[in-house]
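> fold the following.
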Amino acid sequence: MKNISQTPIKPRLGQDLKPIRILFVCHGNICRSTMSQFVFQDMINKQGLTDQFYIDSAATSREEIGNGPHYGTVAKCREMGIPVLPHKAVQMTKKDYQKYDYLIGMDTWNIRNMTRIAGGDPDRKIYKLLEFADLSEDIADPWYTGNFDETYADVQKGCTAFLEYLKRNGKIR
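Numbering: from 1, shown residues only. Below you'll find the predicted structure:
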């Protein structure tokens, strides 16, 4: 039997309710987007909302395809008691725009690349994570800064605000 905190969140079988589908996106899909995926999944697991979400992450580039999460992301999540899920980096595709309800990028360049990959954003599904916290800042890229503490603080702030946004707007049952 698999532990729910170690498998992607999927809806309960036999229900007509469709889960909210979220794709967290960064440049390589090994640092910020995976951290966001793990943090948000942990939040909803702890609130008993697992049947209402399907969460994954992807990259805008092909540089890290097939690689697992960065050791800094893994270490920070473990330090904070957040389960690290099995994951291999994948690239976002145009089909993901139709598949997901929310495509959430980590910085301004991600948003530009996500919009390019999707062929636009006519349904207003593409967001920058800190937008939900009423901030225009980017999530610092620890690939360059080496500061996973700062990245975690931003991800935590963004994911908390995103969950509150969903609750406030009646998206969660």
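
> the bottom helix or strand of the chain by mean pLDDT?
Among the helices and strands of the chain, helix 142-145 carries the lowest confidence by mean pLDDT, DSSP states H and E, at a mean of 92.

> packing partners for that helix?
Helix 142-145 sits against helix 148-168, with contacts defined as 3 or more C-beta pairs under 8 Å, 6 or more residues apart in numbering; DSSP states H and E. C-betas here are computed from N, CA, C, even on glycine.

> neighbouring contacts of the helix it packs on?
Here helix 148-168 makes contact (C-beta atoms under 8 Å, 6 or more residues apart in numbering) with 20, 31-32, 35-36, 39-40, 43-44, 47, 72-73, 75-76, 80, 102, 104, 129-130, 132-135, 137, 139-142, 145, 172.

> could you point out which residue ranges in the protein have low pLDDT?
Scanning the chain for pLDDT under 70 picks out 1-16.

> ok, 50 please
In the predicted model of the chain, residues 1-15 satisfy pLDDT under 50.

> can you show me the helices along it?
Ranges of helices within the chain are 32-46, 71-79, 94-99, 108-118, 142-145, 148-168, based on DSSP state H.

> want to throw these into JSON lines with distance to Arg62?
Below are these laid out as JSON lines (distance: least, C-beta to C-beta, whole Å):
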{"stretch": "helix 32-46", "distance to Arg62": "14"}
{"stretch": "helix 71-79", "distance to Arg62": "19"}
{"stretch": "helix 94-99", "distance to Arg62": "15"}
{"stretch": "helix 108-118", "distance to Arg62": "11"}
{"stretch": "helix 142-145", "distance to Arg62": "15"}
{"stretch": "helix 148-168", "distance to Arg62": "22"}
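
> pick the most deeply packed of these.
Highest mean neighbour count among the helices of the chain (mean count of other C-beta atoms under 10 Å): helix 32-46, with a mean of 24.

> now the angle from that helix to helix 108-118?
Counting by axes from the mean of the first three to the mean of the last three C-alpha atoms, to 10 degrees, helix 32-46 lies at 90 degrees to helix 108-118.
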